[in-house]
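Student: Everything below, folded, please.
(2 chains)
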Amino acid sequence: MSPLTRLRGPAAEAPPLSLPGAFRVPAGVERGLHSTWVLPALILAVAILVRLWNLDALGYNSDEAVYAGQAAAIAGDPALEPLFPAFRAHPLLFQTIVSLGYYLGDGELFGRLAAVSLGVGTVYLVFALGSVLYGRAVGLVAGLLLALMPYHVVVTRQVLLDGPMVLWATLALYTLARFVQLTRPAWLYATAAALGLAFLTKETSIVLVGAVYAFLALTPGLRIPRRHLAGSVALLSLLITAYPLSLMLAGRTERGGGYLAWQLFRRPNHDWGFYPTVVPVAIGLLVVCGAGLGLWYARRESRWKVTLLLSWIVVPAAFFQLWPVKGFQYLLPIAPSIAVLAALGLVRLGPRSKRLPMTPALIALVAISLLVATWQQIEPSRSDNFLAGSGGLPGGREAGDWMEAHVPKGARIMTIGPSLANVIQYYAHRQANGLAVSPNPHSRNPAYDPVRNPDRLIRDNEIQYLVWDAFSSRRSEFFSERLLRYVDRYHGRAVHSETVPARTPAGRTATKPLIVVYEVRP
Amino acid sequence: MRLGPLTLGCMCALAAAGAVPAVAAGGSDPAPTTPIEHFVVLMQENHSFDNYFGTYPGADGIPRGTCMPIEPARGRRGGCVAPFHLGSRRAQDTPLGNSTRIARRQYNGGRMNGFISAFTAEAGTFEPAVMGYYDDREIPYYWNLANEYVLFDRFFASSAGGTLRNHMFWTAAAPGELEDGGVPRGGFRALQTIFDRLERRGVSWKFYVENYDPRVTYRSGWSGRQRAQLLRVPLLGFPRFVDDPGLSAKIVDLSEYYKDLERGTLPAVAYIAASGSSEHPPGDVKVGQRLVRTLISALTRSAAWRSSAFMWTYDSSGGWYDHVKPPNVEEGRVGLRVPALLVSPFARRGVVDSTHLDFAAIPRFIERNWGLRPLSSRDARAGSLVRSLDFSRPPRAPELLSPARHVIKPPDARRSVIYPIYGAALLITALALAMAVIRSRSPMRAIR
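Tutor: Numbering: from 1, shown residues only, chains lettered A, B, ... in the order given. Sure thing, here's the model as predicted:
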């Protein structure tokens, strides 16, 4: 028997056309949500604080540079538009929002502030979701857990699509819960619209439609009139159509299709153990344990609630485990459901009589553990070990800024891989290409251009600078060696470096290069 | 030995403070009268202005309806050849040349209609290729530079014929007393060059030679490759520049140019002579273009850029057609127009300068810039390059121009679909949410 079927709830027994008790809003929730704003406001303040702390200490990483570059292109930024085509790989909802920053003058900071704002919005929605499902106390704790959760904090401090996508996904989760509780079809339409926005932020969120389907399929007591179901599907389809429609009107249909095909058939970038080892730590092991407890206590609650939360966890987790491309931030959509379940477990832990003195201490312990882990993450790192999506790239902005100031306009740069090339392009406003990008169109991200015959390009003086970096070198020793061979062959001269202090085996402190800029000539 | 990134990281920490080494060579030079502290001049070979820029917009190019008579005496009745795009065809089968005799026949008493018949008369061949021209498809980089800097469309070869004669004007503002079109047996002795003037004034200079062979001087002979180096580097025909170690050390291989830029030791005046990249037909024009790009790119990336000017021109028309009748000067008629461009952070942007100039304008600029006496009446009266420079503005930021013809693309208007489409999606969702909230406040009804 699966965990889903073992979970029992009155939803199964609820008559579909009436308003059974199990589907009613828990007593006092509606009133409680509005009774006081002190605690939610405090939680939101904490969420804002940890997301803003040292927000700008490190420059953009590769993905951030690409999305911000697209945003700049949408805004018509003359320096970045030639380097970052607006239509690249994903839909453009978040980039469109970020593009407003380029009209205001500081697109870089605005992008991260936009990500933070939407992340804090998700914290509020988790509070609301927990409240409507299991009561105000669970809502408050769930909001607090997400506010401090390193996984969510780290991702929503970056200009990535996943943070905003999770906002819309959580909105869909909340509206779906409201639909089940209130049986108002308008909430179902709102769910469809929220899912549409999630898709328009990042197309992989389409998997959440599967989560909705799984929930509906596993909740037979919930019957939806066909016309409303069809209407919701039509609304979702209408919103999803905005993506191909914009590509079609802009004449860029090959962009989206090519990227999807490459994603489907590319070689996996991480092994199967990536998510099980990385994500629980990022969420917080105590939170994961709390979610386990929450599952236990959820058996006493209406079954549809836990079915809804589990659908939102199991379906994306299974999908991304099978998806060849794995990324640190890809499983973020499961974080709100885990936070709610963990909050339920923490609030309900212990016998009813001892709950009051025990619960606050336990919650405080988990919150502090999250805060410590988060604090470590948001302190600016100067390490040469970098996991994509886990934060800003040390030294990248500084190297790019140096090149902007010292490298002639029109210079072309070659890096080891495309990741640093994106960062250099964004900050230096110079064309940069990754040596590691395959010339075989079937083996590369179609958004990237390969460097065909680097020897000839350097000999013909079409590439003038080579940039070595420790992060790419760690990932691809082969291409790192190749790049350094070009440095040797073409009178390479180191003209700039970004370094970190490092300890030698003898115990001394030395400088270790993160990024080295070489000038080459034929 | 290769320096690993770790070692280089430490080096860079030191280098980062200054980033690019300061220019040292010019440090002891007398102060110039303009902000130009480094003047670099390259002499390429054998192309006329119309051959390279005859179709350049805004320049005095090939007149509409031009058709060169095959037999000038019969005019167009005897057939004619209209200018045509050479494309990737090279003139490898064309014995185009720049001898004085051919030049005289092409000039044809000022009628400028002997460009084809000159070759028929001299070599007995029909050479329609003389009317061919290149454009931005073959020399896109040159055209890009012309767009950004200064192109001269009244720059004439100083002499109507002869490689050495024109190179002499370049270095000495005088033709020199040649023997059989070459260096006299005992070398040039009394003739003063611009480098003598620079040396006396204490202004640094170097003569960079592509594929330089220091064994080749006027004493070593006058044939084959040796002859080519002697023609391109007239200083090797002067005993004092060959024998004086202090002077001969300043005639160096072109690789030194890049090292000097890296070390910050670029001299105040640098002459450059190419060999394999000289664009001399039937050589590929793209090879020469690549050399020019490499030279300018290295200068642009150096600390010298902010106070430099780079000029290059061509020693003669090479037999190619040019429609402008050359003027007379005191020694006689000058040669046909040749391409000449000036690249500098102070250069006026995209200007076609129609000042009457010839190679003597180059020593003249050096003399004026460093306070030297003129070498001859030719340079004393030569036109000025300074008009093409604007010192009232700060130097332009360095920019590497594309080797491909750059087309100014209008902003991508198609991105304008993004705001309405995504804005509509947000609006629809906001309406759906608002509707749900409003409906929730009304009395509950069961789903029908």
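
Student: Give me the distance between the helix ranked longest in chain A and the centre of its chain.
Tutor: The residue-count maximum for a helix in chain A (DSSP state H) belongs to helix A:107-134. Put simply, helix A:107-134 sits 12 Å off its chain's centre (C-alpha atoms, centre = their mean, to the nearest Å).

Student: Same check on stretch A:301-317?
Tutor: 21 Å.

Student: Now do the following helix or strand past the longest helix of chain A against helix A:107-134, angle only.
Tutor: Sequence-wise, the next helix or strand beyond helix A:107-134 is helix A:136-148, with elements assigned using DSSP states H and E. Inter-element angle recorded for helix A:136-148 and helix A:107-134: 160 degrees (by axes from the mean of the first three to the mean of the last three C-alpha atoms, to 10 degrees).

Student: Now do the end-to-end distance for stretch A:215-230.
Tutor: 17 Å (C-alpha to C-alpha, to the nearest Å).

Student: same deal with stretch B:165-179?
Tutor: One end of stretch B:165-179 sits 11 Å from the other (C-alpha to C-alpha).

Student: which regions of the stretch 201-350 of chain A lie under the pLDDT threshold?
Tutor: A:251-268, A:350 (pLDDT under 70).

Student: measure the residue nearest to the spatial centre of chain A to chain B for me?
Tutor: When C-alpha atoms, centre = their mean is applied to chain A, the residue found nearest the centroid is A:D162 (2.7 Å). Separation of A:D162 from chain B (C-beta to the nearest C-beta, to the nearest Å): 18 Å. (C-beta placed from N, C-alpha, C; glycine too.)

Student: so how far is B:R189 from that residue?
Tutor: 81 Å (C-beta to C-beta, to the nearest Å).

Student: cool, and A:F471?
Tutor: Distance from A:F471 to B:R189, by C-beta to C-beta: 65 Å.

Student: for the host helix or strand of A:G101, which positions count as buried?
Tutor: Using DSSP H and E, A:G101 falls within helix A:93-104. Neighbour counts over helix A:93-104 (16 or more other C-beta atoms under 10 Å in any protein chain shown) mark A:L93, A:F94, A:Q95, A:T96, A:I97, A:V98, A:S99, A:L100, A:G101, A:Y102 as buried.

Student: Return the per-residue confidence for the second one.
Tutor: It stands for A:F94. In this model, A:F94 is scored at 96, pLDDT.

Student: The closest residue in space to it that isn't next to it in sequence: neighbour count?
Tutor: Leaving out its chain neighbours, the residue that sits closest to A:F94 by C-beta to C-beta, 6 or more residues apart in numbering or on different chains is A:P164, at 4.5 Å. Neighbour count of A:P164, defined by other C-beta atoms under 10 Å in any protein chain shown: 29.

Student: quick one: A:P164 from A:E498, how far?
Tutor: 30 Å.

Student: Now for the closest residue in space to B:L375 that isn't next to it in sequence: which residues touch it?
Tutor: Among residues not flanking B:L375 along the chain, B:A173 sits closest, at 4.2 Å (C-beta to C-beta, 6+ apart). Neighbouring residues of B:A173 by C-beta atoms under 8 Å, 6 or more residues apart in numbering or on different chains: B:I194, B:F359, B:A360, B:P363, B:R364, B:P374, B:L375, B:S376, B:R378, B:D379, B:A382.

Student: Spatially, which two of those are the most separated?
Tutor: B:F359 and B:P374 (14.1 Å; C-beta to C-beta).

Student: Longest helix in chain B, by number of residues?
Tutor: helix B:418-441.

Student: any bit of that one sitting next to chain A?
Tutor: Yes. For helix B:418-441, a contact with chain A is found by C-beta under 8 Å from any C-beta of the partner chain, at B:418-419, B:421-426, B:428-429, B:432-433, B:435-436, B:438-440.

Student: which residues are contacting that helix?
Tutor: Contacts with helix B:418-441, where a contact means C-beta under 8 Å, 6+ apart, come from A:74, A:86, A:92-93, A:96, A:171, A:175, A:178, A:182, A:184, A:186-187, A:189-190, A:192-194, A:196-197, A:200, A:235, A:238-239, A:242, A:245-246, A:249-250.

Student: Just the ones of those in helices?
Tutor: In helices, judged by DSSP H, the following of the contacts of helix B:418-441 are found: A:74, A:93, A:96, A:171, A:175, A:178, A:182, A:186-187, A:189-190, A:192-194, A:196-197, A:200, A:235, A:238-239, A:242, A:245-246, A:249.

Student: ranges for the strands of the stretch 51-200 of chain B?
Tutor: Using DSSP state E, counting those that start in this stretch, the strands of the stretch 51-200 of chain B run over B:68-69, B:80-81, B:84-85, B:132-133, B:150-152, B:155-156.

Student: got it, and the stretch 201-350 of chain B?
Tutor: B:205-209, B:251-253, B:269-273, B:308-314, B:328-329, B:332-333, B:340-343.

Student: if we can go back for a sec, just the buried subset of the residues of helix B:418-441 next to chain A, please.
Tutor: The neighbour count (16+ other C-beta under 10 Å) marks B:418-419, B:421-422, B:425-426, B:428-429, B:432-433, B:435-436, B:439-440 as buried among those.

Student: what packs against the strand or helix carrying A:K512?
Tutor: For A:K512, the host element (DSSP H and E) is strand A:509-519. Packed against strand A:509-519 by the contact rule (3 or more C-beta pairs under 8 Å, 6 or more residues apart in numbering or on different chains; DSSP states H and E) you find helix A:396-406, strand A:465-469, helix A:470-475, strand A:493-503, helix B:5-18.
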